[in-house]
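**Student:** generate coordinates for the sequence data below:
(chains A and B, ligands or ions: 1)
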Amino acid sequence: MSMHDNISGSGRERSRLRLVVVNNDAPQDLGAPNPEMAEALVEEFDIDDHAACLQAVGAHQDKRAFKSLFSYFGPRVKAYVMRLGCQPGQAEELTQETMIKVWRKASQFDASKSAPSTWIFRIARNQRIDVFRRENRPELDPNDPSLIPEPEEAADSVIEQKQSEMQLLEAMNHLSEDQKAILKLSFFEDMSHGRIAEHLEIPLGTVKSRLRLALGKLRSTLDDSRLPPTDGRRV
Amino acid sequence: MTIRHHIADEILASYASGSLPESWSLLVATHLALCPSCRKAARDAEELGGALLDELTPVDLSEDAFDKLMSKLESAEPEEEAVGAKKQTTEIPSVLPEPLKSYLGGDLHALNWKRLGKGAYHIPITLRNGEGKARLLKVPAGQPVPAHGHRGEELTLVLTGSFTTHQGEFLRGDVEAADDDVEHMPVAGPGEDCICLAITDAPLKFKSLGARIAQPFIGI
Ligand SMILES: [Zn+2]
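**Tutor:** Reported below is the predicted structural model:
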């Protein structure tokens, strides 16, 4: 049984904030709309929609939305950091730190730029690098005036983001077992390509070409649906 | 500016997955600032990370995990935006893009170069964790770029000027990848000093699985 079930009972149920407000109020209040109710109606969102939950946390620190995110992503973040070598206790700690960042940074979440799982993946990844590897995570600064902007900003809609994640998973199913294994090793085992080669007992060149092929296949799936062709050659 | 020499997909994927050492990540992130094409590819790889996170079999958290978290949040708030506010960005584009500029503590004019000989200079870059080496190199126009490592892989990102190898000309934003097998003798192009960021492979490689697992705990 997953934590999802532990925390939220039937997690799949679709509940809406409006219903909670109604339930909390005395029945006689229903006829006379009060300001609280009006506000709650505006803030109505789908508790199982992760993007909507992140937005609700960002906009007004919505605890129910956060609990929904925690129930879904907490146990996955724990699984992720454990696959990367964390002991259960430390994994629990890292999950807590990650979810604290999710709470604090939720207002920076932009549904048109990334899927919730990608956004939370980044936070978990960086948190692990910071705490577990004790390294900094160098990242570009989107406000750096030296940054070369995109030729034309392809404004993906929220729906396209969701679709592309589904297409990605679909495309992954079409990879060979070898290719899938290499992708997972590189995401979940914290191995350099050299170490993956040792682990699988295959030459380094094979690791690189297999990974390159797998990424190429995934990219072409994404390209077909939304990406402009990449320019230039990759070394 | 058209970048012709990019970062290999599998290195971008390692950056996205978080398995590259800090030195390599520094070079990748600096290239990403200059290269929309690789930026897109890195974002795609992060999306793959998100999709894989979604797919993972969840591991139960302790019963009181959520309550513990909420009480932590209630006692710790507020601490928001400290990171964002600290970073002051100017309006004027600098020669060195972020994150390299912050690692060096300023743009080109603020740097203290150390003499390397033959007119070349360098600045070793301090990383929080010492796996791998990073340094800024300045090579006078027309001079050979000093070799920066004999073993393992190395990457060189051009920031000003240019250099040429048997693979062609490398200009601002271009990345040269070299390993043991590659005979590379880059020579800086005419007219302008060539300034580049060079990173070399980790000096220590932990061969055994045991050492790899122990590494985070014994802190090497
Ligand atoms: Zn590039």
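
**Student:** low-confidence stretches in chain A?
**Tutor:** Residue ranges of chain A with pLDDT under 70: A:1-43, A:152-163, A:190, A:222-235.

**Student:** swap the cut-off to 50 and go again
**Tutor:** A:1-33, A:35, A:37-42, A:227-235 (pLDDT under 50).

**Student:** center of it, which residue is that?
**Tutor:** A:S117 (1.6 Å; Cα atoms, centre = their mean).

**Student:** do the same with chain B
**Tutor:** Short answer for chain B (Cα atoms, centre = their mean): B:L26, at 1.8 Å.

**Student:** using the three-state scheme, assign B:Y121.
**Tutor:** Put simply, B:Y121 is strand when judged by DSSP: H, G, I helix; E, B strand; the rest coil.

**Student:** show me what from chain B comes close to the ion.
**Tutor:** Contact residues, chain B versus the ion (Cβ under 5 Å from the ion): B:6, B:35, B:38. From N, CA and C alone the C-beta is placed, and that goes for glycine too.

**Student:** can I get the residues you listed in a markdown table including secondary structure and distance to chain A?
**Tutor:** Listed next are those as a markdown table, based on DSSP: H, G, I helix; E, B strand; the rest coil; distance: Cβ to the nearest Cβ, whole Å:
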| residue | secondary structure | distance to chain A |
| --- | --- | --- |
| B:H6 | strand | 4 |
| B:C35 | coil | 7 |
| B:C38 | helix | 8 |
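
**Student:** can stretch B:111-125 be found next to chain A?
**Tutor:** No. Stretch B:111-125 does not reach chain A (Cβ under 8 Å from any Cβ of the partner chain); its nearest approach is 10.3 Å.

**Student:** tell me where chain B has helices.
**Tutor:** Taking DSSP state H, the helices of chain B run over residues B:9-17, B:22-34, B:36-55, B:65-76, B:82-86, B:100-104, B:209-218.

**Student:** next one: the fourth one, is it in contact with chain A?
**Tutor:** Yes. Helix B:65-76 lies within reach of chain A by Cβ under 8 Å from any Cβ, at B:65-66, B:68-70, B:72-73, B:76.

**Student:** please name whichever of the helices of chain B is nearest to A:Y72.
**Tutor:** helix B:36-55 (9.1 Å; Cβ to Cβ).

**Student:** buried ones in that closest one?
**Tutor:** The neighbour-count check on helix B:36-55 (16 or more other Cβ atoms under 10 Å in any protein chain shown) flags B:36-54 as buried.

**Student:** what's the answer for stretch A:76-96, then?
**Tutor:** Result for stretch A:76-96 [16+ other Cβ under 10 Å]: buried residues A:76-86, A:90-96.

**Student:** report the backbone C-alpha coordinates of stretch A:53-61 in PDB.
**Tutor:** Provided in PDB are the C-alpha atoms of stretch A:53-61 (Å, rounded to 0.1, in the frame of the first residue of the first chain):
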ATOM      1  CA  CYS A  53      -2.600  22.300  -6.400                       C
ATOM      2  CA  LEU A  54       0.800  24.000  -6.900                       C
ATOM      3  CA  GLN A  55      -1.000  27.100  -8.000                       C
ATOM      4  CA  ALA A  56      -3.200  27.000  -5.000                       C
ATOM      5  CA  VAL A  57      -0.200  26.600  -2.700                       C
ATOM      6  CA  GLY A  58       1.600  29.500  -4.500                       C
ATOM      7  CA  ALA A  59      -1.400  31.800  -4.500                       C
ATOM      8  CA  HIS A  60      -2.700  31.300  -0.900                       C
ATOM      9  CA  GLN A  61      -0.700  28.600   0.800                       C
END
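
**Student:** in helices, which of the buried residues of stretch A:76-96 fall?
**Tutor:** Per DSSP H, these map to helices at A:76-83, A:90-96.

**Student:** of all the residues you listed, which two lie farthest apart?
**Tutor:** Farthest pair in those, by Cβ to Cβ: A:R83 and A:Q96, 17.8 Å.

**Student:** hang on, the earlier thing: now render the residues of helix B:65-76 next to chain A as JSON lines, adding pLDDT.
**Tutor:** Formatted as JSON lines, those follow (pLDDT from 0 to 100):
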{"residue": "B:A65", "pLDDT": "95"}
{"residue": "B:F66", "pLDDT": "96"}
{"residue": "B:K68", "pLDDT": "94"}
{"residue": "B:L69", "pLDDT": "94"}
{"residue": "B:M70", "pLDDT": "94"}
{"residue": "B:K72", "pLDDT": "91"}
{"residue": "B:L73", "pLDDT": "90"}
{"residue": "B:A76", "pLDDT": "75"}
